[in-house]
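Asks: this one's structure only:
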């Protein structure tokens, strides 16, 4: 339970018993702080739902003019003054959630916020919003589609410039509009196929001509989806981060290099072999791209320590899943076996040695060149605009493409019943992307990732 939920539950328990009237979720008016906890200059509390105007009038005496910040004195249920702040009331449906909304811009003291929250909780038709509740209502009221709701979460979580730009493109409806165009075209094809089934005995229905036109349109959409899928997973990589694994034998300087790249002490550095037992992740912004640096346990075959052996097993798993592996080899050590596809890096260059990409975590030598090399690999993997940003999108589009491929493989001679079924499944898969069908089971999981008040 969060601190806010624990706080509000105390007030709820202190309230007298009220009417047993039960309200549906959309009859409740929701509220939540939209600013961080703790002392601040201003604290914002958002409200959405049918009782917004009544609540504002109850708190402030009168409801201010729509969409205008107005100075008001807020009073509690007993008439005591809670605060003097700015209030705005926004009647629906032209709001973010599609419902009546309001915002209270209060002084940011803890006591002020606590008093206003207690006054709101005292209303039977008003309750604390769960994470993502405002965005979920916007989705359920048709103000945004599911891809735009996901973009809101991505924009909140964006840590780099590239992530912010990608989230804004999706929030602007780039993916949703494209999927809607494909879906509308396939619905037209499906309608034509259904007409051929329903009126196959009519003399003016030209099945052959219909098949040719249908297959041509289906092929165009299939090819466009195939092209979107062939993006090297740029969108997912950008959203989740480009993973760079530092791998090599014990005492290869992995932890020292990680600390030097992160510019802070995040890993323990010791001359004792096998000090690092588990992976240590550091997120960083490299030229506007999100990069995750991972320090791992040293690789060797002769350990008798079961804990170190488990660390080595995890290191191998990280290597398999990495976007880039830095194969570290100390200048003062024996040559190690090459790692296919890895970027070879010679560490401890301050101890001597020549050749290759050489770095020193102690002196800083070669770090700029190494960062440039990592950035080049990350740019190649994440550069350019991507339409698909989540595995969910890719899965649905892949299924749509496969249904269309099966339709085209059957050709003009296929039974119209089979063609109609493939088209129905393709349309359904596209509908899942924007949230038109088949997404109920994942809505709770999606919106639970949001912060309270969004």
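Replies: Good, I have the coordinates. Quick caveat, the model's predicted, so the values are computed rather than measured.

Asks: from here on, contacts and neighbour counts on C-alpha atoms
Replies: OK.

Asks: other residues contacting the longest strand seen in the chain?
Replies: When the chain is parsed with DSSP state E, its longest strand is strand 81-90. By CA atoms under 8 Å, 6 or more residues apart in numbering, the surrounding residues in contact with strand 81-90 are 52-53, 56, 63-76, 100-107, 112, 115-116.

Asks: so which of those belong to strands?
Replies: 70-75, 101-107.

Asks: give me the buried subset of those.
Replies: Burial by neighbour count, 16 or more other CA atoms under 10 Å: within the ones in strands among the contacts of strand 81-90 this picks out 70, 72, 73, 74, 75, 101, 102, 103, 104, 105, 106, 107.

Asks: can I get those residues in a markdown table including pLDDT?
Replies: Formatted as a markdown table, these follow (pLDDT from 0 to 100):
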| residue | pLDDT |
| --- | --- |
| 70 | 96 |
| 72 | 96 |
| 73 | 96 |
| 74 | 96 |
| 75 | 95 |
| 101 | 97 |
| 102 | 97 |
| 103 | 97 |
| 104 | 97 |
| 105 | 97 |
| 106 | 97 |
| 107 | 96 |
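
Asks: now those in JSON lines, with distance to residue 27?
Replies: Shown next, in JSON lines, are those (distance: CA to CA, whole Å):
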{"residue": "70", "distance to residue 27": "26"}
{"residue": "72", "distance to residue 27": "26"}
{"residue": "73", "distance to residue 27": "27"}
{"residue": "74", "distance to residue 27": "24"}
{"residue": "75", "distance to residue 27": "24"}
{"residue": "101", "distance to residue 27": "13"}
{"residue": "102", "distance to residue 27": "16"}
{"residue": "103", "distance to residue 27": "19"}
{"residue": "104", "distance to residue 27": "21"}
{"residue": "105", "distance to residue 27": "24"}
{"residue": "106", "distance to residue 27": "26"}
{"residue": "107", "distance to residue 27": "29"}
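
Asks: under the pLDDT cut-off, which ranges of the protein? List them.
Replies: 1-26, 198-210, 274-275, 353-355, 414, 438-443, 445-446 (pLDDT under 70).

Asks: if we use 50, what do you get?
Replies: By pLDDT under 50, the low-scoring segments of the chain are 1-23, 209.

Asks: could you list the domains of it?
Replies: 3-129, 151-231+389-447, 238-382 (automatic domain parsing).

Asks: now do the strands in the stretch 101-250 of the chain.
Replies: For the stretch 101-250 of the chain, the strands defined by DSSP state E, counting those that start in this stretch occupy 101-107, 126-128, 242-247.

Asks: make JSON lines from these and add distance to residue 167 to it.
Replies: Formatted as JSON lines, these follow (distance: least, CA to CA, whole Å):
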{"stretch": "strand 101-107", "distance to residue 167": "25"}
{"stretch": "strand 126-128", "distance to residue 167": "28"}
{"stretch": "strand 242-247", "distance to residue 167": "17"}
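
Asks: closest to residue 403 out of the ones you listed?
Replies: When the strands of the stretch 101-250 of the chain are compared by CA to CA, strand 242-247 sits nearest residue 403, at 31.9 Å.

Asks: which element follows the closest one toward the C-terminus?
Replies: Next helix or strand after strand 242-247 toward the C-terminus (DSSP states H and E): helix 254-262.

Asks: buried ones in that following helix?
Replies: For helix 254-262, by 16+ other CA under 10 Å, it's 254, 255, 256, 257, 258, 259, 260, 261.

Asks: how about the helices in the stretch 351-454 of the chain?
Replies: Under the criterion DSSP state H, counting those that start in this stretch, the stretch 351-454 of the chain contains helices at 367-382, 391-410, 416-434, 440-447.

Asks: any idea which of these is most buried?
Replies: Among these, the stretch with the highest mean neighbour count (mean count of other CA atoms under 10 Å) is helix 416-434, at a mean of 21.

Asks: count of neighbours near the closest residue to residue 29 other than its chain neighbours?
Replies: Nearest residue to residue 29 in three dimensions, chain neighbours excluded: residue 49, at 4.1 Å (CA to CA, 6 or more residues apart in numbering). For residue 49, the count of nearby residues is 25 (other CA atoms under 10 Å).

Asks: so residue 49 sits against residue 27, correct?
Replies: Yes: with contacts counted by CA atoms under 8 Å, residue 49 reaches residue 27, the gap being 7.0 Å.

Asks: just to revisit the earlier point, list the buried residues in the longest strand of the chain.
Replies: Neighbour counts over strand 81-90 (16+ other CA under 10 Å) mark 81, 82, 83, 84, 85, 86, 87, 88, 89, 90 as buried.

Asks: also stretch 37-54?
Replies: 43, 44, 45, 46, 47, 48, 49, 50, 51, 52, 53.

Asks: now render those residues as a markdown table, adding secondary structure and distance to residue 306.
Replies: Below are the buried residues of stretch 37-54 laid out as a markdown table (DSSP: H, G, I helix; E, B strand; the rest coil; distance: CA to CA, whole Å):
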| residue | secondary structure | distance to residue 306 |
| --- | --- | --- |
| 43 | strand | 52 |
| 44 | strand | 53 |
| 45 | strand | 53 |
| 46 | strand | 53 |
| 47 | strand | 55 |
| 48 | strand | 56 |
| 49 | coil | 58 |
| 50 | coil | 61 |
| 51 | coil | 62 |
| 52 | helix | 61 |
| 53 | helix | 65 |
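
Asks: and which of these is nearest residue 123?
Replies: Proximity of the buried residues of stretch 37-54 to residue 123 (CA to CA) peaks at residue 51, which lies at 9.8 Å.

Asks: ok, residue 234 - contacts?
Replies: 381, 382, 383, 384, 386, 389.

Asks: distance to residue 420 added to those residues, as CSV?
Replies: Below are the contacts of residue 234 laid out as CSV (distance: CA to CA, whole Å):
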residue, distance to residue 420
381, 38
382, 38
383, 39
384, 36
386, 31
389, 30
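
Asks: looking at these, which is nearest residue 134?
Replies: For the contacts of residue 234, the nearest to residue 134 is residue 389 (22.5 Å; CA to CA).

Asks: gap between the closest residue in space to that closest one that isn't next to it in sequence and residue 229?
Replies: The shortest distance from residue 389 to any non-neighbouring residue, by CA to CA, 6+ apart, is to residue 235 (4.2 Å). Residue 235 is 10 Å from residue 229, where distance means CA to CA, to the nearest Å.
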